[in-house]
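Q: Provided below are the primary sequence and the corresponding predicted coordinates.
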Amino acid sequence: MNSFDDVKIAPSILAADFNYLGQQVTDAVDGGADLIHIDVMDGRFVPNITMGPIVVRALREITDVTLDVHLMIVEPERYIDAFAEAGADIISVHVEASPHLHRTLQQIRDLDCRVGVAINPHTPASALSEVITMVDLINVMTVNPGFGGQSFIMDTKSKIAQLKAMINDVHANVDIEVDGGINPETAPHATQAGANILVAGTSVFKHPDGIAKGIASLRAVLARQSE
Ligand code: DX5
Ligand code: ZN
């Protein structure tokens, strides 16, 4: 049987209460978050506008946890330095927003950050075939990016499995992160297909019994999946 005990949980602060952001992130880390996921939106690549390097810097001051920065912006190469400087550990750019993706990924590597690439629901796995050995992480969007609280798109499961096979074929060490609509019901679909990092906004930060319980609920289904 597969073990899902090493699957990581990355709460997305998009669903946090921004009046208490520092405390909410501390609660998530104390509750067992492995990474903190930061959604950067520019109102151009996606319809919504969120936050910039200033938020990454503020969180860097209060925690050593891995800060996972997901850039949903056009021309990401213009801002990568600023996010690295602010303290990002992982920087992901969208394949759809990066005409010179190879160069942009190299730019992230040169800043000593972990290199991520994100892929929208409509984009085929094959779009990443030429960069798979350059990245540390693939963020498979399981909703259309732009907003929290959307429903997991079940059709993305086959793409997760395809990417997992592509990674194994070249013997690369690449994490597969899933992002959007992840909760205790949908998480097992993603991990069964090959995902090993779960981004979760609503199901963690808006859990009725609190942030730690939201993380624990995800861990509980992973433990059951390992049995
Ligand atoms: C969507 C973002 C996600 C989002 C996930 O554009 O990339 O990270 O915060 O939120 P939930 O878990 O609420 O779908
Ligand atoms: Zn995200």
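A: Ah, there it is. Ligands and ions are numbered 1, 2, ... in the order given.

Q: can we go C-alpha only for contacts and neighbour counts from here?
A: Will do.

Q: residue ranges for the helices of the chain, please.
A: Secondary structure of the chain (DSSP state H): helices located at 21-30, 53-62, 80-86, 101-110, 156-169, 187-193, 202-205, 211-226.

Q: check these for me and report the most buried one.
A: helix 202-205 (a mean of 26; mean count of other Cα atoms under 10 Å).

Q: which outside residues touch it?
A: With Cα atoms under 8 Å, 6 or more residues apart in numbering as the test, helix 202-205 has contacts from 11-13, 15-17, 24, 148-149, 181-183, 210-215.

Q: could you give the bridge partners of Val69?
A: Ile38, Ile91 (DSSP bridges).

Q: for it, what are its contacts?
A: Applying Cα under 8 Å, 6+ apart, the residues near Val69 are His37, Ile38, Asp39, Val40, Phe83, Ala88, Asp89, Ile90, Ile91, Ser92.

Q: right, so of the helices of the chain, which gets closest to ligand 1?
A: Smallest distance to ligand 1 across the helices of the chain (Cα to the nearest ligand atom): 3.8 Å, for helix 202-205.

Q: pLDDT on the closest one, on average?
A: Average pLDDT, helix 202-205: 98.

Q: quick one: that helix to chain centroid distance?
A: A distance of 14 Å separates the centroid of the chain from that of helix 202-205, by Cα atoms, centre = their mean, to the nearest Å.

Q: any part of that helix near ligand 1?
A: Yes - residues of helix 202-205 are located near ligand 1 by Cα under 6 Å from any ligand atom, namely Thr202.

Q: in this structure Asp34 contacts Asp6, no?
A: No - assessed by Cα atoms under 8 Å, Asp34 is found out of contact with Asp6, at 10.3 Å.

Q: of those two, who's got more company?
A: Asp34 (19 against 10; other Cα atoms under 10 Å).

Q: up against ligand 1, what does the chain have?
A: Residues of the chain lying near ligand 1 (Cα under 6 Å from any ligand atom): 12, 14, 39, 145-150, 179-182, 200-202.

Q: now the buried members of these.
A: With neighbours counted by 16 or more other Cα atoms under 10 Å, the residues of the chain next to ligand 1 contain buried members at 12, 14, 39, 145-149, 179-182, 200-202.

Q: which regions of this protein sit below the pLDDT cut-off?
A: 1-2 (pLDDT under 70).

Q: what's the local residue count around Gly43?
A: By the measure other Cα under 10 Å, the count of residues near Gly43 is 14.

Q: one more: Arg78?
A: Neighbours around Arg78, by other Cα under 10 Å: 10.

Q: ok, it to ligand 1 distance?
A: 20 Å (Cα to the nearest ligand atom, to the nearest Å).

Q: equivalent analysis for Asp209, please.
A: 16 Å.

Q: so how many other residues sit close to that residue?
A: 10.

Q: distance of it from Ser217?
A: Using Cα to Cα, to the nearest Å, we find Asp209 at a distance of 10 Å from Ser217.

Q: what lies in contact with stretch 84-100?
A: So stretch 84-100 is contacted by 45, 53-54, 56-57, 60, 66-76, 80, 83, 101, 104, 108, 111, 113-120, 127-128, 137, 139 (Cα under 8 Å, 6+ apart).
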